[in-house]
Every structure is written in C-alpha cells, then in structure tokens.
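>>> here's a sequence, model it:
(chains A and B)
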There are 2 protein chains.
Amino acid sequence: MSQKLPVILAEKIAAKSRIFTVQAQHLAFANGTEVFYERLLGSQGGAVLIIPLLADGNLLLVREFGAGVGRYELGFPKGKVDPGETWREAALRESQEEIGFLPKKLVWLDSVTLAAGYMTHQTHIVLATDLEPSSAIGDEPEPLQIVPWPLERWAELLSEADFSEGRAYAALLLLLKHLGKI
Amino acid sequence: MSQKLPVILAEKIAAKSRIFTVQAQHLAFANGTEVFYERLLGSQGGAVLIIPLLADGNLLLVREFGAGVGRYELGFPKGKVDPGETWREAALRESQEEIGFLPKKLVWLDSVTLAAGYMTHQTHIVLATDLEPSSAIGDEPEPLQIVPWPLERWAELLSEADFSEGRAYAALLLLLKHLGKI
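Down below sits the predicted model:
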C-alpha cells in the first residue's frame, strides 16, 4: 500500500560533533499534523558487516572493545564503507584488516537499517567465503581477538551476553536462510 | 575470555540536541594506546519491541513513517520505555497505543543493541500473546496502519524493502527459536 509521504517544511543541522550529525526536520503529514523530528545522518556509503565462513564450517567472529556498550563485544567483522568505496571493496579491505583473510567470493545477502525512525544508517550484510590468508593494517587501537565459532552452534550465540547487536542476529538469520538451513 | 577494559581518562558531552546526546571519551587501552571516541547516550530504560502473535497465527505489524529513512516502514510495534516504567509496563502501554490490543501474556525473549561501538541503546524484545482489544491514545501524528502477517510467511518479510530494521530481523529469529521452529 502506498501512503503519501509527509512534506518537509524545513530542515537544518541541529547539532554536530566530530562523528555525529543531527538533522532537525519540520514535517507536515497528509492529515495536516505538523511535527518536529530529529534524525542522525549516517555516512553516505553506510557500513558493511562480513560473515566469514570457512570451508570447515567455522564462522570467524571478532571480539573488540565496544565504546557504546563499554565492554568487549563479540560479533562479525564490520566497518564503514569509506567515501569512494563500494560495499565490495570495503568488505575486502575490512576482512584483511580485521581477520587477516581475503575472501575470493562475496555474496550480498541484504541491507538493514538500525532505527528507521531516527537514523538514516544502513548496514550491508555480506557472506564471505573462499578465504585466503592476507593481512592489512587497520585503525584498531589493539589487535582484534579472532574467535572461530562452529556455524552449527549458531543458537548458542543468542545466549552470549556479549553477542548483542540486532544486526548480528539479522546476519545469522540471513545466513541460515541463504544456506537453506531454515 | 576476559579482557582488561580500557581506562576512561576523561569524558564530556560533545554535542546535545533536543533528542540526542553525544558523549566524547578519552580512553587508554591496556596496551597503552590512547583513543578519542564518541558515543550516543540512549535513554536509561531503552526501548521495547513487541511481537504480537494472535491465536490464529498472524503477527500484527505496523506501518508508520520512519523519519530516519524518509519513508513508511513496516515493522513490529515499539517505543521508548518511559522514565519510571519497566519494559513490561512499556510493552502493555505501547500495545494498546499502536495496535489496540492488551496482551495478557508477555515473555521477554532477549535484549539487543543497535551499534555496540557507538551507541549505548538497548531494545528489549518481547513476545505478546493472549491479545484482547483495548485502545489507548499515543503520540503518533496519524493512526498507524496495522498489517496482519501470517507467521508462516515470515521469510517473505526479509524481501520486503520497507521491512528493514536489523532488530526486527532479530525479533523474527528469536521468535522462530522460541517457538521451536528452528
């Protein structure tokens, strides 16, 4: 069903820091109701989340400090798509930087948003296979801990307190569906 | 495996708008590397995402304008946990406001983060059943469109362009696992 989009009456930058930009919008809905919203403007290219799957059935996860949650977080390798990069180039670069492997095969599974109500951000979820050792230096403050995790034990990840990102759960769901396991 | 947390050398509010607060942190990692990070401070209680499941096997989804993505988004009913509320109270309130039903039974499935690297935000994912008609007035600018969706057709949601949130995918995965379908 199509619904008539609200009209943007005005918009401006409401706040800006080194990393974040907040845009304020004054919108008029089709029924005449006017509202003032704020949203976070994400980077143009979004982010890429890589699901590295070895031929032996192991996923390669990483454990790295998550400043948002203030603890070490277990998850899939990921990173920002830099200006001028495609999601594919970003996935190849991040794989080498974060897990020391170059995937010979990448398959885009889907793109997800974080919070459709107040963030423009998109994360592209990519399956990486045919992994060959190849390292590159990233911008991490310390080497990431690499955690091999048997795919068949995916359900245990949901109970791991430090595996917490909704988009990581989304990646598992997409992977299981892609592999015909559900 | 436990890893020694970075030491917080300094932190301050770097930017603030009506809705968003950005905190800057100066951290020292165990290896001596110092970094400057920024993170978004979420609300204390986080948000609640409700999976309303009718006895006839239909999920009740909602379609509402998502200012972040600038289009109508299909997803689960959800909302902020207000100060002083529990996730349970918030789920009961939001169910009545957004879909016009009061669940007699709520089961917490899990809590997920959005972006562990730069957001403190948490969303509590809750299964709502034994739904009885009961409405309350929310703060929506227009009535939400309610979209019944057969649970057995969950996989089609992944291909719907306007069903995009990673945490909504997470909710599907948790639901399927909870119901023993995967």
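
>>> show me the shaky parts of chain A.
Judged against pLDDT under 70, the low-scoring parts of chain A cover residues A:1-2.

>>> break it down into its domains, please.
Per the record's domain assignment (automatic domain parsing), chain A is made up of the domains A:7-40, A:47-178.

>>> and the first one, how far from the chain's centre?
Centre-to-centre, domain A:7-40 and its host chain are 24 Å apart (Cα atoms, centre = their mean, to the nearest Å).

>>> distance between the ends of that domain?
End-to-end distance of domain A:7-40: 19 Å, with Cα to Cα, to the nearest Å as the criterion.

>>> next: the last one.
Across domain A:47-178, the terminal residues are separated by 21 Å (Cα to Cα).

>>> from the domains of chain A, which stretch is densest packed?
For those, the stretch with the most neighbours on average is domain A:47-178, a mean of 19; neighbours defined as mean count of other Cβ atoms under 10 Å in any protein chain shown. For glycine as for every other residue, the C-beta is placed from the backbone atoms N, C-alpha and C.

>>> any chance of the domains of chain A in CSV with distance to chain B as columns?
Putting these into CSV (distance: least, Cβ to the nearest Cβ, whole Å) gives the following:
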stretch, distance to chain B
domain A:7-40, 4
domain A:47-178, 3
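
>>> skipping adjacent residues, who's closest to the residue nearest to the spatial centre of chain A in space?
The geometric centre of chain A, computed from its C-alpha atoms, lies nearest to residue A:123 (Cα atoms, centre = their mean), at 3.8 Å. The spatially closest residue to residue A:123, leaving aside those adjacent along the chain, is residue A:47, at 4.7 Å (Cβ to Cβ, 6 or more residues apart in numbering or on different chains).

>>> next: residue A:88.
Nearest-residue entry for residue A:88: residue A:106, 5.8 Å, with adjacent residues in sequence omitted and distances by Cβ to Cβ, 6+ apart.

>>> just checking, next helix/strand downstream of the helix or strand encompassing that neighbour?
The secondary structure element spanning residue A:106 is strand A:101-113 (assigned by DSSP states H and E). Read in the C-terminal direction, the helix or strand following strand A:101-113 is strand A:122-133, with elements assigned using DSSP H and E.

>>> so what are the sheet partners of that next one and their directions?
Strand A:122-133 sits in its sheet next to strand A:47-52 (parallel), strand A:101-113 (antiparallel), going by DSSP bridges.

>>> so what's the gap between the last one and the chain middle?
Right, the one you point to is strand A:101-113. The gap between where strand A:101-113 is centred and where its chain is centred comes out at 11 Å by Cα atoms, centre = their mean.

>>> so what's the residue nearest to residue A:103 when sequence neighbours are not counted up against?
Excluding its sequence neighbours, the residue lying closest to residue A:103 (Cβ to Cβ, 6+ apart) is residue A:128, at 3.6 Å. Under the criterion of Cβ atoms under 8 Å, 6 or more residues apart in numbering or on different chains, the neighbours of residue A:128 are A:50, A:51, A:52, A:53, A:91, A:95, A:101, A:103, A:105, A:106.

>>> ok, now how distant is the last one from residue A:54?
Think residue A:106. The span separating residue A:106 from residue A:54 equals 15 Å under the rule Cβ to Cβ, to the nearest Å.

>>> can you show me the helices along chain A?
If you assign secondary structure with DSSP state H, the helices in chain A sit at A:87-98, A:154-157, A:166-178.

>>> who does the first one touch, helix- and strand-wise?
Contacting helix A:87-98 under the criterion 3 or more Cβ pairs under 8 Å, 6 or more residues apart in numbering or on different chains; DSSP states H and E are the following elements: strand A:47-52, strand A:78-80, strand A:101-113, strand A:122-133.

>>> out of those strands, the one nearest residue A:151 is which?
Distances from residue A:151 to each of the helices and strands packed on helix A:87-98 were compared using Cβ to Cβ; the shortest belongs to strand A:47-52, at 9.5 Å.

>>> off-centre distance for that closest one?
7 Å.

>>> picking that back up, for residue B:60, state which of the contacts of residue A:128 is nearest.
Within the contacts of residue A:128, the smallest distance to residue B:60 is 30.9 Å, found for residue A:51 (Cβ to Cβ).

>>> show me the contacts for the closest residue in space to the closest one that isn't next to it in sequence.
Here the nearest residue to residue A:51 in space, its sequence neighbours aside, is residue A:127; by Cβ to Cβ, 6+ apart that works out to 4.9 Å. Taking Cβ under 8 Å, 6+ apart as the contact definition, residue A:127 lies against A:51, A:53, A:106, A:107, A:109, A:175, A:178.

>>> so which of the helices of chain A is nearest residue A:37?
Distances from residue A:37 to each of these were compared by Cβ to Cβ, and the smallest falls on helix A:166-178, at 21.7 Å.

>>> next, the angle from that closest one to strand B:101-113.
Comparing the axes of helix A:166-178 and strand B:101-113 via axes from the mean of the first three to the mean of the last three Cα atoms, to 10 degrees yields an angle of 100 degrees.

>>> packing partners for helix A:166-178?
Taking 3+ Cβ pairs under 8 Å, 6+ apart as the contact cut, helix A:166-178 packs with strand A:47-52, strand A:101-113, strand A:122-133, helix A:154-157, strand B:101-113, helix B:166-178.

>>> who's sitting farthest from the centroid in chain A?
Within chain A, the residue lying farthest from the chain centre (Cα atoms, centre = their mean) is residue A:32, at 36.0 Å.

>>> against residue A:26, how distant is that one?
Here the distance between residue A:32 and residue A:26 works out to 14 Å (Cβ to Cβ).

>>> can you check residue A:171 too?
With the distance defined as Cβ to Cβ, residue A:171 ends up 36 Å from residue A:26.
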